[in-house]
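J.: what's the 3D shape of this:
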Amino acid sequence: MTDQTLLKIRELLLNEFSEAELIALCKDVGLDYEALPGVGTFGKTREIVEAARAQDKLRQLQSRLRELKPEAYAVSIGAMATPAEAQADGPTSSKQKDEAGSPMPRAILPLLVLLALVIGASLIFSRLSSGPAAQATPQAIPEASSTSQPQPTLAESAPTAQPEVIAATATPAESPSATPEVVPTAPAEALEADIGAATPAAPPMPEPQPTSPPSPTATDAPAAEEAHPAAMTVRQINDQLMLFYSGKASARDLEYFWTGEALKAVLDFGNSRLLRAMRITPNRRDALEIKHEYLRAPRIMSETGSGAVVASREFWHYANSLNRSEVCEVRDYIYNMVRDKERYRVRSIQSRLVRSGCES
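T.: Numbers count the residues shown, from 1 in each chain. The predicted model follows:
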């Protein structure tokens, strides 16, 4: 099972299951939820996947997820299954295989029988026309041809195949028109200075050269640069940050993906600068509402044996539900990541403010 599939299983557990459902799921697959390390659903879901892999129960866990959340499973994991995994999860019946592999579809048989009848009738008619009786009575041929019914040809009988048209639509994150135009407001200017000071000033990052849009396909498979484990880790990092800012994840949870100066910077921003800018006390983090969107999906820019560099453009919206103040920012980020065994961790991060302000 690939690392990307494991990440999708973790995301499915985190996004679709409550804590009570996670406890019941662990009981079904033979895991002790309470004995697993980690704090909260974010930490527990990570340990569920690790424990299932260590105890060779990933197949059992994946099967149970498909039974409990079939629609979510099909969207997030079903399309990623390899041919071997798909055969193990649901083998095709022998009847279906015979029908799929039959060299002669049933719809062709009546046409072949009709063609054989036409050929046989023409041979009989030819022998009759060349016999003695036909020479003695030349009027027999016109009478026979006038009374015989016209036989349909194979071209007339065969149904016309209609081409199947598959419409391809661009997702909002990939379309240039999906980027909302924002109007600066006074709270945004106050937070801009705080967020900008959370990380070291970065030189202007070069804009990526535009590329031609991909050809429409039946499936929206991500590009290789976006499917890289380091790029997928950035998505997990930002999901974790939203939980941390709102008080649903701890500083210890952040250590799984952050290290060194990057860890200090994100803790300082979440525990001090963000709360001060939004006028929220630490015990009322639940009043903070956060929305996040990728205007340019995370993609790997370079890779070495010990790490990787990932770039993205992100839209962040912060709101205080107590006083309805809000702040919006669009920033370009560069994540300098180091490889730690089977995962990537952020060692340093650079950001450049593109624009600030929320829609009126």
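J.: which regions of this structure sit below the pLDDT cut-off?
T.: Along the chain, the model assigns pLDDT under 70 to residues 1, 79-107, 125-221, 360.
J.: so what's Trp343 closest to, chain neighbours aside?
T.: Trp isn't right for residue 343; it's Arg. Spatial nearest neighbour of Arg343, chain neighbours left out: Thr233 (6.9 Å); criterion: CB to CB, 6 or more residues apart in numbering. Where C-beta positions appear, they are placed from N, C-alpha and C, glycine not excepted.
J.: tell me the contacts of that neighbour?
T.: Neighbour list for Thr233: Leu7, Phe257, Val310, Met337, Arg343, Tyr344 [criterion: CB atoms under 8 Å, 6 or more residues apart in numbering].
J.: give me the subset of those residues lying in helices.
T.: In helices, defined here by DSSP state H, the members of those are Leu7.
J.: state the distance from the nearest residue to Ala251 once chain neighbours are set aside to Ile23.
T.: Using CB to CB, 6+ apart and skipping residues adjacent in sequence, the residue nearest Ala251 is Leu267, 5.7 Å away. For Leu267, the distance to Ile23 equals 30 Å [CB to CB, to the nearest Å].
J.: and for the closest residue to Ser306 other than its chain neighbours, the neighbour number?
T.: The shortest distance from Ser306 to any non-neighbouring residue, by CB to CB, 6+ apart, is to Arg339 (5.7 Å). Around Arg339 there are 16 other residues, counting by other CB atoms under 10 Å.
J.: now swap in the one 4 residues further on and tell me
T.: Burial measure for Arg343: 16 neighbouring residues, criterion other CB under 10 Å.
J.: how far away is it from Asn283?
T.: Arg343 sits at a distance of 32 Å from Asn283 (criterion: CB to CB).
J.: the strands in the stretch 151-300 of the chain, which residues?
T.: When assigned using DSSP state E, counting those that start in this stretch, the strands of the stretch 151-300 of the chain occupy the ranges 288-303.
J.: hmm, back to that, and which of the contacts of Thr233 is nearest to Glu326?
T.: Using CB to CB, Phe257 comes nearest to Glu326 of the contacts of Thr233, at 27.0 Å.
J.: quick one: the closest one and Asp286, what's the gap?
T.: Phe257 sits at a distance of 23 Å from Asp286 (criterion: CB to CB).
J.: neighbour count winner among the two?
T.: Neighbours were tallied for Phe257 and for Asp286 using other CB under 10 Å; the higher tally belongs to Phe257 (23 against 11).
J.: report the contact partners of the more buried one.
T.: By CB under 8 Å, 6+ apart, Phe257 lies in contact with Thr233, Gln236, Ile237, Gln240, Arg343, Tyr344, Arg345, Val346.
J.: which single one of those is nearest to Ser356?
T.: Minimum separation from Ser356 among these (CB to CB) is found for Ile237, which lies at 22.0 Å.
J.: ramachandran angles for the residue nearest to the closest one when sequence neighbours are not counted?
T.: Counting by CB to CB, 6+ apart, the nearest residue to Ile237 once its immediate chain neighbours are dropped is Phe257, at 4.9 Å. Note on Phe257: its backbone torsions stand at phi -120, psi -10 [degrees, to the nearest 10].
J.: the chain should start at 343 in everything you say after this.
T.: Understood, numbering begins at 343; the last thing we discussed is Phe599.
J.: what about Phe599, distance to Asp581?
T.: With the distance defined as CB to CB, Phe599 ends up 10 Å from Asp581.
J.: check which helix or strand covers the residue lying closest to Leu400 once chain neighbours are set aside.
T.: Taking CB to CB, 6+ apart as the measure, Leu400 lies nearest to Ala394, with 5.0 Å between them; neighbours along the chain are not counted. Under the criterion DSSP states H and E, the helix or strand holding Ala394 is helix 382-396.
J.: could you point out which element follows whichever strand or helix holds Gln402?
T.: Using DSSP H and E, Gln402 sits within helix 400-410. Secondary structure here is assigned by DSSP H and E; on that basis, the next helix or strand after helix 400-410 toward the C-terminus is helix 412-418.
J.: kindly export that following helix (C-alpha atoms) in PDB.
T.: Written as PDB, here are the backbone C-alpha positions of helix 412-418 (Å, rounded to 0.1, in the frame of the first residue of the first chain):
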ATOM      1  CA  PRO A 412     -18.900   4.100   1.100                       C
ATOM      2  CA  GLU A 413     -19.300   7.500  -0.600                       C
ATOM      3  CA  ALA A 414     -16.500   9.300   1.100                       C
ATOM      4  CA  TYR A 415     -14.300   6.200   0.600                       C
ATOM      5  CA  ALA A 416     -15.000   6.100  -3.200                       C
ATOM      6  CA  VAL A 417     -14.100   9.800  -3.600                       C
ATOM      7  CA  SER A 418     -10.900   9.900  -1.500                       C
END
